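Visitor: show me how the following folds:
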Amino acid sequence: MSENWQKAYRRKLVSAEAAIKVVRSGDKVVFTHGREPLALGLALAARRSELQNVKLYLANPHTDFDWYSPDWRESFSIEMSYILPDFRERFKKRYYDLVVGGLTGFTSQYQALNQIDVLLTEVSPPDESGLCSFGASVWGKKKVIKSARTVIAEVNKELIRTYGDNSIHVSEIDYFVEHLYAEEFKGGSDLLGRAIRMPGKVEEKIARYVGTLTNDGDTLQIGVGSTSEWLVPLGILDNRVDLGWHSEVTPRGVIKKVRDGTINGRYKNCHQGKVVTVAIGGGIKEDLEFVNDNPIFELYDADYVLDPRVIASNDNVLAINSALCIDLTGQIAAESTGWSMFGGSGGQLAFAIGSHMSKGGRFITALPSTTSGGYLSRIVSSLPEGTIVTVPRTLSDIVVTEYGIAKLKGKSQRERALELVAIAHPTFRQELDREAHCLFWP
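Guide: Presented below is the predicted three-dimensional model:
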């Protein structure tokens, strides 16, 4: 007779120190996307003197376990796929390496890491059926667990449960450990782990322009970034009705719009009446309580949510994302300026493609006209050497700064250049116009 799940769970429940002993020198150890399980991270760091050449992969690290120091290189070599603010300076010093990839094909990106010897993740306690929830974010956790040699899960009773495909059975986990709660290890407050910076007049002006581009019945996606994350609280959805949501994350203000009925998915073709996302962002307690066990919310892995075909199955997709800079042909850079990395590609390309394929779809890039205290223009004649193009010019559509709206789709290079010069900061317009004429006129 097979062992019941309750008995199996009790048998698999061990201390973090006991579980982490499965890690051997030379192993590939992978943390699933999102917050690192704290007890397991500390237990692994404590074995520094015993281990050599352990390859750690953390898609988007939040917690500093000390192993990012160059003094730890003999024990741990680090790879990541998204450079969060707290780790940028160390990345510039080449303390660790970057795995190139986006959220489209998320599971295959993990599988391309070759053999995963030990996978570390975080789950809720099992329910009456022996199913553990991944909480407020799914990413590619469920599929990646199936490809790892050994899976260790830290059990966090605070994790919410959602509908969709957001759970895994006790039988698919090798070891469980109790979660360690520690106030001092909490990360930043926004979606990218940064201290919250309140919006200013520039963001308010951008929001007013973006608000004019939203329509009743649109299915929305809004990405992370200091500009895009403030758009909903700044009113872009005010006085709109019957909106849908299909997005990688849920920036601040979105759950409130679900609560008041503005976002209800009435006109969605795919998952009608549902809020579809990979992760519930922001960490606001009231929002998480509203989402918990609420059937309107469905969380799926990134391979599904960011599939351009799934995105495009909804009409009138309105995708809104931030960027670092854009050149006069419409090439959008959201990961780096020059060789300096500031983040990852995220789902921008997937939503650029999906909105392009959607009937009535639009893709908005929202960014301030300047950076570095106003000394540098974000609209440039050509991208600096080494800059990564996140969205190619063939998919750029609408660009918004605090100075207006530029519509690029279907425009020639000359027309695009003129549109972009018109929404650049006045200080840089004359120079940009001169450079545009040198580049695109005889």
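
Visitor: once you drop chain neighbours, what's closest to Gly164?
Guide: Once flanking residues are discounted, Gly164 sits nearest to Glu298: 3.5 Å by Cβ to Cβ, 6 or more residues apart in numbering. Placement of C-beta: from N, CA and C, glycine included.

Visitor: for the residue nearest to Gly135 when sequence neighbours are not counted, give its distance to Ile284.
Guide: Distances taken as Cβ to Cβ, 6+ apart place Leu159 nearest to Gly135, at 3.2 Å, with adjacent residues excluded. Separation of Leu159 from Ile284 (Cβ to Cβ, to the nearest Å): 15 Å.

Visitor: quick one, helices of the stretch 301-442 of the chain?
Guide: 302-305, 308-312, 348-357, 413-422, 426-440 (DSSP state H, counting those that start in this stretch).

Visitor: may I see the ones you listed arranged in JSON lines, with distance to Ala207 as well?
Guide: Listed next are the helices of the stretch 301-442 of the chain as JSON lines, based on distance: least, Cβ to Cβ, whole Å:
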{"stretch": "helix 302-305", "distance to Ala207": "25"}
{"stretch": "helix 308-312", "distance to Ala207": "23"}
{"stretch": "helix 348-357", "distance to Ala207": "19"}
{"stretch": "helix 413-422", "distance to Ala207": "19"}
{"stretch": "helix 426-440", "distance to Ala207": "20"}
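
Visitor: among those helices, which comes closest to Val391?
Guide: helix 348-357 (4.8 Å; Cβ to Cβ).

Visitor: name the helices or strands packed onto the closest one?
Guide: helix 308-312, strand 317-322, strand 362-366 (3 or more Cβ pairs under 8 Å, 6 or more residues apart in numbering; DSSP states H and E).

Visitor: which of the ones you listed sits most buried?
Guide: When those are scored by mean count of other Cβ atoms under 10 Å, the highest mean neighbour count falls to strand 317-322 (a mean of 27).

Visitor: report all helices and strands that it contacts.
Guide: strand 219-222, helix 348-357, strand 362-366.

Visitor: tell me which of those lies nearest to Pro392.
Guide: Going by Cβ to Cβ, the one of the helices and strands packed on strand 317-322 nearest Pro392 is helix 348-357, 8.4 Å.

Visitor: can you list the buried residues in that closest one?
Guide: Buried positions in helix 348-357, judged by neighbour count with 16 or more other Cβ atoms under 10 Å: 348-356.

Visitor: quick one, strands of the stretch 151-300 of the chain?
Guide: 163-164, 167-169, 175-178, 219-222, 244-247, 275-277, 297-299 (DSSP state E, counting those that start in this stretch).

Visitor: of these, flag the one that's most buried.
Guide: strand 219-222 (a mean of 28).

Visitor: tell me the contacts of the residue nearest to Gly164?
Guide: Taking Cβ atoms under 8 Å, 6 or more residues apart in numbering, we find Glu298 in contact with 162-164, 271, 274-277.

Visitor: model confidence for it, exactly?
Guide: Note for Glu298: predicted pLDDT of 98.

Visitor: do you know how far it is from Cys132?
Guide: Glu298 is 18 Å from Cys132, by Cβ to Cβ.

Visitor: same deal with Ala59?
Guide: Distance of Ala59 to Cys132, computed by Cβ to Cβ: 20 Å.

Visitor: same question, Arg259
Guide: For Arg259, the distance to Cys132 equals 27 Å [Cβ to Cβ].

Visitor: over to Thr121: give its phi and psi.
Guide: The phi/psi pair for Thr121 (degrees, to the nearest 10) reads phi -150, psi -180.

Visitor: contacting residues around it?
Guide: Thr121 neighbours (Cβ under 8 Å, 6+ apart): 31-32, 37, 134, 141, 145, 151-154.

Visitor: and which of those residues is nearest Val54?
Guide: Phe31 (12.3 Å).

Visitor: before we move on, back to that, okay, Ala59 and Cys132: which has more neighbours?
Guide: Between Ala59 and Cys132, Cys132 has the larger neighbour count (other Cβ atoms under 10 Å), namely 26 against 22.

Visitor: identify the residues contacting that one.
Guide: Here Cys132 is in contact with 123-126, 153, 155, 167-170, 173 (Cβ under 8 Å, 6+ apart).

Visitor: mind giving me the ChimeraX select for those residues, buried ones only?
Guide: ChimeraX command restricting the contacts of Cys132 to the buried ones, with burial defined by 16+ other Cβ under 10 Å:
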select :123,124,126,153,155,167,168,170,173
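
Visitor: what would the contacts of Cys132 look like in a markdown table with pLDDT and distance to Ala16?
Guide: Below are these laid out as a markdown table (pLDDT from 0 to 100; distance: Cβ to Cβ, whole Å):
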| residue | pLDDT | distance to Ala16 |
| --- | --- | --- |
| Val123 | 97 | 14 |
| Ser124 | 97 | 17 |
| Pro125 | 97 | 16 |
| Pro126 | 97 | 18 |
| Ala153 | 98 | 11 |
| Val155 | 98 | 11 |
| Ser167 | 96 | 23 |
| Ile168 | 97 | 19 |
| His169 | 97 | 22 |
| Val170 | 97 | 18 |
| Ile173 | 98 | 14 |
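
Visitor: for Lys201, which non-adjacent residue is spatially closest?
Guide: Sequence neighbours aside, Glu402 is the residue nearest to Lys201 in space, at 7.6 Å (criterion: Cβ to Cβ, 6+ apart).

Visitor: the one you found against Ile206, yeah?
Guide: Yes: Glu402 is within contact range of Ile206, at 5.3 Å (criterion: Cβ atoms under 8 Å).

Visitor: can you tell me the centre-most residue of this structure?
Guide: For the chain, the residue nearest the mean C-alpha position is Gly346 (5.2 Å; Cα atoms, centre = their mean).

Visitor: so what are the domain limits for this structure?
Guide: Domain segmentation of the chain under automatic domain parsing yields 5-185, 201-440.

Visitor: ranking those domains by mean pLDDT, which is last?
Guide: Ranked by mean pLDDT, the domains of the chain bottom out at domain 5-185, with a mean of 88.

Visitor: how far does that domain sit from the chain's center?
Guide: Domain 5-185 sits 17 Å away from the centroid of its parent chain (Cα atoms, centre = their mean, to the nearest Å).
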